[in-house]
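>>> below is the sequence, then the predicted model.
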Amino acid sequence: SSSSSSSSSSPSSSSMSLSHLVYMSRHGVRSPYPPVGGNFSLYSRKPFPSPSDWGMTQEAYDKQYLTGHGEKLVPLMGRFWRENYQNTALFDQGEGLGGCPTTLTVFADNSTRDVQTAKLFMQGFLHDCDTEIIVATS
């Protein structure tokens, strides 16, 4: 029996480096919002929890902010992903972030919870940095 080796046209992993990272996610933990018209009784026999049951003020609920729990979880997700990419070319001093940029712009749609999520995620991702995080929505 004879064996032959085939050559691959893809580069070896030792010759590749990470230069960009795109992270897509849904928003962090939020309370449910009422259906159009605000009548939850059409969907449940139980009374719908109040904003305070979610640990939120009425204003925070009305503006669709993340819950306090969501505000704690999203930065943890950012830290998790930073730890996964810490030793890649993305953080090289040369062309990468080099550790701590002074300013970083991230993109999110314009819903309050998505802007909050983007900013909190990056605060966790750059937890040891004094970076101004700008959330662009257009």
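Cool, got the structure. Residues are numbered from 1 along each chain as shown.
>>> so where's this structure shaky on pLDDT?
1-20, 35-37, 91-99 (pLDDT under 70).
>>> how about a cut-off of 80?
Within the chain, the stretches with pLDDT under 80 are 1-24, 26-29, 32-42, 86-100.
>>> now the helices: where do they sit in it?
In the chain, the helices defined using DSSP state H lie at 58-62, 68-85, 112-125.
>>> winner for burial among those helices?
Comparing the helices of the chain by mean neighbour count (mean count of other CB atoms under 10 Å), helix 112-125 ranks first with a mean of 21. No exception for glycine: its C-beta is placed from N, CA and C like everyone else's.
>>> still on that earlier bit, now the helices of the chain in CSV, with distance to F40?
Below are the helices of the chain laid out as CSV (distance: least, CB to CB, whole Å):
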stretch, distance to F40
helix 58-62, 13
helix 68-85, 21
helix 112-125, 19
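>>> L21 is nearest to which of these?
The closest of the helices of the chain to L21 is helix 68-85. By CB to CB, the value is 6.3 Å.
>>> and that closest one, what does it pack against?
On a contact count with 3 or more CB pairs under 8 Å, 6 or more residues apart in numbering; DSSP states H and E, helix 68-85 meets helix 112-125.
>>> how far does the helix it packs on sit from its chain's centre?
Mean C-alpha position of helix 112-125 versus that of the full chain (CA atoms, centre = their mean, to the nearest Å) differs by 6 Å.
>>> just want the phi and psi numbers for P47.
Main-chain dihedrals, P47, degrees, to the nearest 10: phi -70, psi 140.
>>> counting neighbours, what do you get for it?
Neighbour count of P47, defined by other CB atoms under 10 Å: 9.
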